[in-house]
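Trainee: Okay, structure incoming, though there's no sequence with it:
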């Protein structure tokens, strides 16, 4: 039995609405663009959020797409998966994704504006994340919804 040290646990906010697609064989794939709050620096200024791509599959993907929207806070448990592709200019691109665990990989924590003392400040932060997501993500990246059964070959 081999132990994997590839484990990721995050608390984050959706920077844009989930993108649900289906493979040619009907497997649901949901792509998320999330912001991880990095806290404040010594002077008390907010640090820039870290942006990550998260992907989940099957019923979990459908539930996330149905119930989550930009600004919602979620928990993600899964593993890191690197991938490569060629962009439209022929340049090789690389990205590191978080692949949510099949069971319990996505936890719904808080809808935008709900509880947690965030109030208007939480809504402003969510709006800021959404704006940053649009700026930092110059477009969508290819995830294997082009007829392949599994975008990462191991689900």
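Mentor: That came through fine. The model shown is predicted, which means the values in this text are computed figures rather than measured ones. Numbering: from 1, shown residues only.

Trainee: For the strand or helix carrying residue 66, give the mean pLDDT please.
Mentor: Secondary-structure assignment from DSSP states H and E places residue 66 in helix 58-67. Mean per-residue pLDDT for helix 58-67: 95.

Trainee: Name the residues linked to residue 32 by a beta bridge.
Mentor: Bridge pairing for residue 32 (DSSP bridges) gives the partners residue 54.

Trainee: likewise the one 4 residues further on?
Mentor: Residue 36 has these beta-bridge partners by DSSP bridges: residue 50.

Trainee: what about the strands in the chain?
Mentor: For the chain, the strands defined by DSSP state E cover 8-14, 19-22, 28-36, 50-57, 73-86, 92-100, 106-110.

Trainee: Let me have the ones you listed in JSON lines, extended by distance to residue 66.
Mentor: Where C-beta positions appear, they are placed from N, C-alpha and C, glycine not excepted. Below are the strands of the chain laid out as JSON lines (distance: least, Cβ to Cβ, whole Å):
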{"stretch": "strand 8-14", "distance to residue 66": "13"}
{"stretch": "strand 19-22", "distance to residue 66": "8"}
{"stretch": "strand 28-36", "distance to residue 66": "10"}
{"stretch": "strand 50-57", "distance to residue 66": "12"}
{"stretch": "strand 73-86", "distance to residue 66": "13"}
{"stretch": "strand 92-100", "distance to residue 66": "15"}
{"stretch": "strand 106-110", "distance to residue 66": "11"}
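
Trainee: Point out the most buried one among the ones you listed.
Mentor: Burial of the strands of the chain is given as mean neighbour count (mean count of other Cβ atoms under 10 Å); strand 28-36 ranks first at a mean of 22.

Trainee: just the angle between that one and strand 73-86, please?
Mentor: Relative orientation of strand 28-36 with respect to strand 73-86: 110 degrees, computed using axes from the mean of the first three to the mean of the last three Cα atoms, to 10 degrees.

Trainee: Alright, I will stop here.
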